[in-house]
Every structure is written in C-alpha cells, then in structure tokens.
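Undergrad: one predicted model, sequence on top.
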Amino acid sequence: MKYYITVNGKEHQVDVVERLGVLRVAVDGKALEIDYQEADNLGQVALLCEGKSFGLSIEGDEHTLSATIAGHLYAVEIEDERERAAHAAERAQAKGGGVVKATMPGIVVRLLVKEGDSVAKDQPLLILEAMKMQNEMTAPADGVVKQVHVREREAVSGGAKLVTLTATS
C-alpha cells in the first residue's frame with residue numbers, strides 16, 4: 001500500500017508491503033529494514049529501524065497524529081493513495097476545475113463525456129470497474145471537459161488521470 005505522509009510539513013511517499021509476516025518499507029524510494037512491536041494499547045511502540053531501536057509514543061487517529069521519539073515531537077498527517085485521490089477531487093471541486101483521478105485501480109468500462117462537453121457538478125463522466133463493482137466517476141463541479149486521458153477498456157492505476165475539467169465562468 002502506498003501512503004503519503006507529511007511530517008512537520010515535509011511530505012514523504014511511503015510504500016508498505018507485508019508478506020509472510022515480513023514488513024517491507026520504502027521511504028521516498030529508499031528501502032528500509034523496519035520492525036516494530038506494540039508495547040501496549042496506549043500508543044507505545046518499540047521500533048527497530050536499520051538496526052537501531054527507538055521508543056515511539058503515538059497519539060491521534062489514523063489520519064492525524066503526534067509522534068514522540070527520544071523527546072522530539074513530530075506532527076504527522078497520513079493519506080493512503082485512495083484518500084489522496086479523493087482529496088484531490090475535493091480540491092479540484094473547490095477550484096471549479098482540475099483533474100479527476102481514479103480513486104482505485106480498475107478498468108474504464110464506459111466513457112460518458114468527450115472533450116468540449118459541458119458538465120454539471122456530480123454528473124457521471126465515466127464508469128470505472130474495480131473489484132467487480134462499477135463506480136461512476138463524477139464531475140466535482142460545473143465545468144467543461146478539457147481533456148479525456150483514458151479510453152474504454154483501458155486499465156488504470158489508482159490516482160491515474162481520467163478527465164481534466166476547466167471551470168465555467
């Protein structure tokens with residue numbers, strides 16, 4: 001799973017894969033040897049990173065938290081790739097235009113718009129099939145289709161550009 005983690009205002013891309021009980025982590029493309037053990041149910045964690053051990057105290061929820069390591073406090077914000085795509089759509093809506101991205105990997109089943117079409121907020125733009133379910137990808141705001149980035153029957157990854165909209169004045 002890919003995460004976008006902001007620590008004290010600096011963003012990092014973190015890839016986490018667990019296979020057969022082994023945790024594989026890469027931060028900004030650099031593989032790290034990491035292991036951890038929860039010390040209690042109160043957010044205390046023993047962390048082993050690259051052969052060094054750390055005591056870590058975590059407070060907050062799965063999206064916004066504070067972490068204390070060796071007396072240093074860090075403000076942490078976490079988004080997985082689906083949340084990031086959804087938040088990008090929200091930001092585009094606030095601007096009245098922008099890029100509509102795939103919220104998850106899937107296959108474009110049907111395009112419902114073409115370049116130059118006027119669209120209304122929440123109007124379906126295309127149908128994306130993911131995990132055997134068909135999902136309507138909708139316009140975040142009123143606008144005009146500037147560019148369609150995909151074709152029918154095309155497989156797309158999570159976060160892939162689908163349609164670019166321009167705001168209507």
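TA: It's in. Note that this is a predicted model, so its numbers are computed, not measured.

Undergrad: could you report the distance from Glu81 to Val16?
TA: Distance check for Glu81 against Val16: by C-beta to C-beta, to the nearest Å, it reads 11 Å. (Each C-beta comes from the backbone N, C-alpha and C, glycine too.)

Undergrad: give me the common contacts of these two.
TA: Common contacts of Glu81 and Val16 (C-beta atoms under 8 Å, 6 or more residues apart in numbering): Met1, Lys2, Tyr3.

Undergrad: hmm, which of the residues you listed is lowest in pLDDT?
TA: In terms of pLDDT, Met1 ranks lowest among the shared contacts of Glu81 and Val16, with 88.

Undergrad: let me see the contact set for it.
TA: For Met1, the contact set (C-beta under 8 Å, 6+ apart) comprises Asp15, Val16, Val17, Asp80, Glu81.

Undergrad: mark out where each domain of the protein begins and ends.
TA: If you go by automatic domain parsing, the domain ranges for the chain are 2-80, 96-167.

Undergrad: how distant is the last one from the center of its chain?
TA: In terms of C-alpha atoms, centre = their mean, to the nearest Å, the centre of domain 96-167 is found 17 Å from the chain centre.

Undergrad: find the centremost residue of the chain, please.
TA: Residue closest to the mean C-alpha point of the chain, counted by C-alpha atoms, centre = their mean, is Glu81 at 2.0 Å.

Undergrad: hang on, isn't it packed against Val14?
TA: No - counting by C-beta atoms under 8 Å, Glu81 does not reach Val14; the two are 10.8 Å apart.

Undergrad: what touches both of the two?
TA: Taking C-beta under 8 Å, 6+ apart as the contact rule, Glu81 and Val14 both touch Lys2, Tyr3, Tyr4.

Undergrad: quickly find the element holding the second one.
TA: Secondary-structure element containing Tyr3, defined by DSSP states H and E: strand 2-7.

Undergrad: ok but Ala86 is inside a helix, no?
TA: Yes - checked against DSSP: H, G, I helix; E, B strand; the rest coil, Ala86 lies within a helix.
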